[in-house]
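Student: Attaching a predicted model along with its sequence, questions to come.
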Amino acid sequence: MFKVINVLLKKSDDRSYKIVIGRNILKKAGSALKGLGGRNVFVITDSTVNRIYGKTLHTSLKKAGFMDTGKSVVPAGEASKSFASFLKVQHGLYDFDKYQNKKVLIATLGGGVPGDLGGFIAGTYKRGVNYIQIPTTLLGFVDCGLGGKTAINFREAKNSIGLFWQPKLVYMDIECLRTLPLRELQSGLAEALKYGVISDPAVFDFMELNAEKLLSKDMTVYEKLIPVCVKIKADVTSADERDDKDIRIMLNFGHTIGHAIEAATNYKKYTHGEAISIGMCIAGDIAVKLRMFRYGDLIRLENLIENLGLPTTLKGCKLKNIMESMKHDKKFEAGENRFVLPVKLGKCKVVNNVPLKVITEAIKSRLN
């Protein structure tokens, strides 16, 4: 059994696509990719995912009758979202596409790094070729595998160089979560939790009731949670594809400080979800200080984050480094900060130019 969610992009039906969610469906991926714009498939993945799922995908592509398959494998980890990796994979793709005569379909296999990097490569090679997202992590399922944002990191700024390039299909096998390390699973749970704060309090309630089952990889719970999160993001990105209507920005709840924490710690100390968890707490602190969010709801948020095994405080990072990294946030306009802050569980709003004193006090309160 599988579920299909449609991403309907209003400006062009040609770029609308389907999200397929199921269990034990990776071995059928080749059939799903047929007819999506290429007879030759070039897979972009990382070293960890390739070891676990590379052969399964390759076998599926061969059974489906694709003429030729190629692959580029980057080291696992955020450091691979770089120009060095971009150039390495482009060289591999160029060599695979002999004399540039092949009709190539790119498939990204893995989490946020192969997805973001591979999508950027798909959008720039030959001015854009079709690509398929095959996420294998919870973070990829509920967040970075959806929406068409592709990017690499540059200097202090996360995701600062990239483009919007929509996939032709997103194909999710929930069973891939069984091989995901607990820390990476928790990283994805932070992004799932986000939807309960910005859009649907029922998601928050569900995760509160099922925190233990989520951590134990109860697939029946994930079968219920993932489609709801995917539908929320699909609806948001459909309404604001290019992030220019102050709709899609709500997905950045916790990310202004979270991205700054990642950059300030050189993407080594915290996973994305861990940094976002702290960022959500700090955003909650700011909202409480601005008297727009109930302290009791902030405590519920903190408790759920902790019950999911995620951090609510920050260690090994200096305030000045976070503040400096925050200046590079893409959501800032004309030097003024912009924060997505909670009003209540299930609703957030964009607040411009939050007083610097309020921000620094909120961050200090989370520093250990």
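Tutor: Perfect, I can see it now.
Student: Leaving out the residues flanking it, which one is nearest to the residue most central in space within the chain?
Tutor: A centroid search over the chain (Cα atoms, centre = their mean) returns residue 144, at 2.2 Å, as the residue closest to the centre. Nearest-residue entry for residue 144: residue 112, 3.9 Å, with adjacent residues in sequence omitted and distances by Cβ to Cβ, 6 or more residues apart in numbering. Placement of C-beta: from N, CA and C, glycine included.
Student: contacting residues around that neighbour?
Tutor: By Cβ atoms under 8 Å, 6 or more residues apart in numbering, the contact set of residue 112 is 137, 139-140, 143-145, 272.
Student: same thing with residue 315?
Tutor: By Cβ under 8 Å, 6+ apart, the residues touching residue 315 are 367-368.
Student: confidence score at it?
Tutor: Taken from the predicted model, the pLDDT recorded for residue 315 is 91.
Student: if I look at it, how far off is residue 261?
Tutor: Counting by Cβ to Cβ, to the nearest Å, the separation of residue 315 from residue 261 is 11 Å.
Student: was I right about residue 109 contacting residue 55?
Tutor: No: counting by Cβ atoms under 8 Å, residue 109 stays clear of residue 55, with 11.3 Å between them.
Student: Of the two, give the one with the bigger neighbour count.
Tutor: More crowded of residue 109 and residue 55, by other Cβ atoms under 10 Å: residue 109, with 31 against 10.
Student: Now do the SS call for the more buried one.
Tutor: Here residue 109 takes the strand state, with states given by DSSP: H, G, I helix; E, B strand; the rest coil.
Student: Now do it against residue 134, distance only.
Tutor: Distance, residue 109 to residue 134, using Cβ to Cβ: 5 Å.
Student: Which pLDDT value belongs to residue 287?
Tutor: Among the per-residue scores, residue 287 shows a pLDDT of 98.
Student: how many neighbours does it have?
Tutor: Other residues within reach of residue 287 by the criterion other Cβ under 10 Å amount to 27.
Student: would it count as being in a helix?
Tutor: Yes: using three-state DSSP, the assignment for residue 287 is a helix.
Student: Surely it touches residue 341?
Tutor: Yes: shown here, residue 287 and residue 341 form a contact pair, counting by Cβ under 8 Å, at 4.2 Å.
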